[in-house]
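Asks: Dropping the sequence and predicted coords here.
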Amino acid sequence: MPDGLSFDRVSLRHAAAKADTVGPLSLSLREGERVLLLGPSGVGKSTLLQAATGLFPRSIPGEARGRIRLKGQPVESRPPAGWADTCGFLFQDAAQTLAGFTVRDEIAFGPENRGVAAARIPGLVTEAMRRAGIPPGWAERRISTLSGGERQLVALAALLAQDAPVTLADEPAANLSPEAARRMASLLLAPGRTTLVVEHRPGPITDHVERCVVLGRDGRVIADGPSLEVMTRDAALVAEAGIALPLAAHLHLILPDLIEPGLPLRETLRRVPTAQRGRVRDAVLPSPGTAGKALVTLDRADCAPAFGPVVLRNLSLTLHAGEVLAILGPNGAGKSTLAAYLTGLLPPRAGRRTGPPGAVAFQNPEAHFSRESVRAEIEGLGHAEDGVARILADWALATVADQHPFTLSQGQKRRLSLALLAETDRWPVLVLDEPTAGLDGAAEAMLGRRIRALARDGRALAVITHDMDFALAVADRAIVLNHGRVQFDGPCPALMRDRAMLGSAGLLPPEAAPVLDWLEAAC
Amino acid sequence: MLKAFHPLPKLALCLVWIVASLVVFRLSFQIALFAAATLLLLFDARVPPRRLLLLMVPFALFGFGFFTTSVLFRAESGFAVLMAREQGGAPDVAPGLVLFFRVLACGMISAVFTLTTDPGQFVRALIQHARLPAQVGFALMQAMHMVPDLRAEMLQLRMARAIRLGRPLRRVPGPGEAIALAIPLLAWAIRRASRAALSFEARGLQPGRGRTQLPQPPVLRMDWVCLLGGLGFLALLLAFLPR
């Protein structure tokens, strides 16, 4: 039986690039096999997926060498659109790739293109909506009225309706709340379908795949095997490539004498002497900071997106100097809206804001770019030449310093946008909106350290995130926004142990929850 | 009733009304068409009067331009006078006034169609019944998605710019800001369109390939009744309104 998908000594190079983006790489997926492809940001994982159906280099200019076969046939034997009956594609940014006007149109798009009998299509749409957990009432909803997470869910339903035996998914859980990400993983990776999922960190996907393939920084395979085996046997190699490890593997790397590899976290923690709680604590929680004077205060403020209706009412919140606040909540709770009010970009519709102006690092990093190269963007901050070189090196941007910001990978764009705000002392208040989206493990760890350093310098920071472990690692305090109000305001570790509170807001406990429970018991 | 009216006969009726407004140079006819369209919007489509007035502003400004040109520069409005004479317009009626109400009538008839028609359903109907190529139809739908997203993108760009310049966000962008935003917005639109095209291709949309259609509402007897009713109303206006 031919493989579902195979890459044989494949190298891919974008037009005008001086070096190969990917490869040479060989990788095969058996029929029905589900594989997670991990790699640091910028190594061409998305390009590899696009090459699987010939989109690269037929529609995206570039050069491909080696052989790619889908269901045993050379990928060049059909145009990219001709593979739609064999291979379904879930794109990284569903918001920008949906085709239909309403949810029903969108889900029907794939079956229509396949020429499925018109009478069968409504049934396929209904069934796909049911499987994806989309309420029947959404069928006539316009796509433009859906939140980012909802659009991702509709894209998944459209993929299910397309019913192709091979699925390719590019960071499908990015921008989803933890609960939505878990549901996405279980639906996307149902047994029996050949599936290749690209991610730059192991997450809920890991539990649903048979195999994990890891790309190194040079775009070649550095580890390949069952997920658990790769994450234990090759943990050091994976971490060195800049990929975040599951918490147990990460703790084993930094506390090898305390944490045993390959065991569930709760089990291995039972064997750790309580006298070691300080070391365990330092591994998962930030060093306690000292919150200074109140820097920004919202007093009974009504907050609304510009030109939109009020989404947060009567909100009172204080942000202190030297403090890192995590802003959590389900998709559409008003977290990004709050950012504009905390920084003073928009005046409250009612109530009052006091404090100096601040800056927001937007979800779309491209909004921050205004110059012709990465170097020019950094030079615009007013640093001396050696300062510019230091910033480029610190944010791992030295190799792309002369590129136009729009040509960077998503992770590189994210790093540049954060550097532009963090490497100047113009703003005492910084709000970072989903700062870890598109970042690999190494960049995320560096960002965490940078956030803590900025807080130590006396700045007030707020981090909007769906990544509960990142929130736990950087934030002293957390708020949960839900149903237009602040549902929780208190220490971040306390929230992460409050499963009822998290559940009521559609959030899940972090991976580090067993460590928090152990620390509580050890005290 | 108008919202349930099938988009294609409704489009045909609106086009006939607009063509009639363009070829009949009679003040009473233009006023009657304008009044009929406005009443339909008020009482059938339930458009709030305030919104309706706001909607009329650009058409009224445009029509007022015709009116003032006609009144103040009579020598230059010869073409309008000639049209009026050819179409039986009374010499004592200011041609500018007819042009003013023609603009309003055409504007309100267009509004009747756009405010009572689901754009997605309209494009779907064009693909199914008027042989609009699916590539063009889905490109139109994508363009309709882009309008609200473009607004959100522009807002984010404006906020980022306000942050860079260290000042609060202005309610309305000044000319300098508008110019500075043009290129990033254009770049965004091009990238967005490229991603959408890739997505369409990956999901099997290609020219010349046979595809089926999600069943769309058919044209019902009631739609034909509405179409004939609208045409009959037009005939009555033409027959009985004073020349």
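Replies: Good, I have the coordinates.
Asks: beta partners of A:Leu37?
Replies: A:Val198, A:Val213 (DSSP bridges).
Asks: Just give me the neighbour total for B:Ala139.
Replies: By the measure other Cβ atoms under 10 Å in any protein chain shown, the count of residues near B:Ala139 is 18. (C-beta placed from N, C-alpha, C; glycine too.)
Asks: Quick one: residues contacting it.
Replies: Shown in contact with B:Ala139 (Cβ atoms under 8 Å, 6 or more residues apart in numbering or on different chains): no residues.
Asks: what pLDDT does it get?
Replies: Reported pLDDT at B:Ala139 in the predicted model: 91.
Asks: Am I right that A:Leu461 is in a strand?
Replies: Yes: A:Leu461: assigned to a strand according to DSSP: H, G, I helix; E, B strand; the rest coil.
Asks: quick one: it from B:Gly166, how far?
Replies: Computed as Cβ to Cβ, to the nearest Å, the A:Leu461 to B:Gly166 distance reads 19 Å.
Asks: Who has more neighbours out of these two?
Replies: Neighbours were counted for A:Leu461 and for B:Gly166 using other Cβ under 10 Å; A:Leu461 has more, 26 against 10.
Asks: List the neighbours of the lowest-mean-pLDDT helix or strand in chain A that are in contact with it.
Replies: Ranked by mean pLDDT, DSSP states H and E, the weakest helix or strand in chain A is helix A:178-188, scoring a mean of 80. Contacts to helix A:178-188, defined as Cβ under 8 Å, 6+ apart, come from residues A:90, A:131-133, A:149, A:152-153, A:156, A:159-160, A:167, A:169, A:172-173, A:176, A:195, A:197, A:203-205, A:207-208, A:330-331, A:466, A:468, A:506-508.
Asks: can you pull the buried residues of it?
Replies: Neighbour-count burial for helix A:178-188, counted by 16 or more other Cβ atoms under 10 Å in any protein chain shown, picks out A:Pro178, A:Glu179, A:Ala180, A:Ala181, A:Arg182, A:Arg183, A:Met184, A:Ala185, A:Leu187, A:Leu188.
Asks: What segments of chain B are helices?
Replies: Assigned by DSSP state H, the helices in chain B fall at B:7-23, B:27-39, B:49-72, B:78-86, B:95-116, B:119-129, B:134-165, B:175-202, B:221-240.
Asks: distance of the nearest residue to A:Thr424 once chain neighbours are set aside from chain B?
Replies: Once flanking residues are discounted, A:Thr424 sits nearest to A:Leu381: 4.9 Å by Cβ to Cβ, 6 or more residues apart in numbering or on different chains. Relative to chain B, A:Leu381 is positioned 10 Å away (Cβ to the nearest Cβ, to the nearest Å).
Asks: Need the phi and psi values for A:Leu381.
Replies: Main-chain dihedrals, A:Leu381, degrees, to the nearest 10: phi -80, psi -10.
Asks: cool, and A:Val296?
Replies: Phi and psi for A:Val296, reported as degrees, to the nearest 10, are phi -130, psi 130.
Asks: and the gap between it and A:Pro80?
Replies: Separation of A:Val296 from A:Pro80 (Cβ to Cβ): 50 Å.
Asks: Report the residue ranges of every domain in the chain.
Replies: Went with chain A since none was named. A:5-251, A:252-284, A:294-522 (automatic domain parsing).
Asks: Let me rephrase: I mean chain B.
Replies: Per the record, chain B has its domains at B:7-121+B:218-240, B:134-202, by automatic domain parsing.
Asks: can you list the ones you listed in TSV and add distance to A:Gly411?
Replies: Formatted as TSV, the domains of chain B follow (distance: least, Cβ to Cβ, whole Å):
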stretch	distance to A:Gly411
domain B:7-121+B:218-240	35
domain B:134-202	17
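Asks: related to what we said a few turns ago, among the helices of chain B, which is the most enclosed?
Replies: By mean neighbour count, with neighbours taken as mean count of other Cβ atoms under 10 Å in any protein chain shown, helix B:95-116 ranks first of the helices of chain B at a mean of 22.
Asks: I'd like the average pLDDT over it.
Replies: Helix B:95-116 comes out at a mean pLDDT of 91.
Asks: Stretch A:155-166 now?
Replies: The average pLDDT within stretch A:155-166 is 91.
Asks: Can you tell me which helix or strand of chain B has the lowest average pLDDT?
Replies: For chain B, judged by mean pLDDT, DSSP H and E, that is helix B:78-86, with a mean of 63.
Asks: Quick one: distance of the least confident helix or strand of chain A to the chain centre.
Replies: The chain centre lies 13 Å from the centre of helix A:178-188; the measure is Cα atoms, centre = their mean, to the nearest Å.
Asks: list the contacts for the residue nearest the centre of chain B?
Replies: Centroid-nearest residue in chain B, with Cα atoms, centre = their mean: B:Ser110, separated by 4.6 Å. By Cβ under 8 Å, 6+ apart, B:Ser110 lies in contact with B:Cys14, B:Ile18.
Asks: dump the residue contacts of the closest residue to chain B within the stretch 251-400 of chain A.
Replies: Taking Cβ to the nearest Cβ as the measure, the stretch 251-400 of chain A has A:Ala367 as its residue closest to chain B, at 4.2 Å. Listed by Cβ under 8 Å, 6+ apart, the contact set of A:Ala367 reads A:Ser417, B:Glu153, B:Gln156, B:Leu157, B:Met159, B:Ala160.
Asks: Wait, a helix at it?
Replies: Yes: counting by three-state DSSP, A:Ala367 is part of a helix.
Asks: Would you quantify the distance from it to B:Asp149?
Replies: On the measure of Cβ to Cβ, A:Ala367 and B:Asp149 end up 13 Å apart.
Asks: repeat for B:Phe233
Replies: Separation of B:Phe233 from B:Asp149 (Cβ to Cβ): 40 Å.
Asks: Over to A:Gln403?
Replies: Going from A:Gln403 to B:Asp149 by Cβ to Cβ gives 26 Å.
Asks: now the helices for the stretch 301-450 of chain A?
Replies: A:335-342, A:374-379, A:385-394, A:410-422, A:441-456 (DSSP state H, counting those that start in this stretch).
Asks: What lies in contact with the third one?
Replies: With Cβ under 8 Å, 6+ apart as the contact definition, helix A:385-394 has outside contacts at A:Val374, A:Arg375, A:Ile378, A:Glu379, A:Leu381, A:His383, A:Leu397, A:Ala398, A:Ala401, A:Ala419, A:Glu423, A:Met446.
Asks: which of the residues you listed has the most neighbours?
Replies: Using other Cβ under 10 Å as the neighbour test, these are led by A:Val374, with 27 neighbours.
Asks: and A:Val10, that one's in a helix?
Replies: No: judged by three-state DSSP, A:Val10 forms no part of a helix; its state is strand.
Asks: for B:Ala37, what are its contacts?
Replies: The neighbourhood of B:Ala37, defined by Cβ under 8 Å, 6+ apart, consists of B:Trp17, B:Ala105, B:Met108, B:Ile109, B:Ala111, B:Val112.
Asks: Out of these, which two sit at the greatest distance?
Replies: Farthest-apart pair in these is B:Trp17 and B:Ala111; separation 12.0 Å (Cβ to Cβ).
Asks: still on that earlier bit, which one of the domains of chain B lies nearest to A:Val43?
Replies: When these are compared by Cβ to Cβ, domain B:134-202 sits nearest A:Val43, at 20.0 Å.
Asks: How far does the closest one stretch from one end to the other?
Replies: By Cα to Cα, to the nearest Å, the extent of domain B:134-202 from end to end equals 15 Å.
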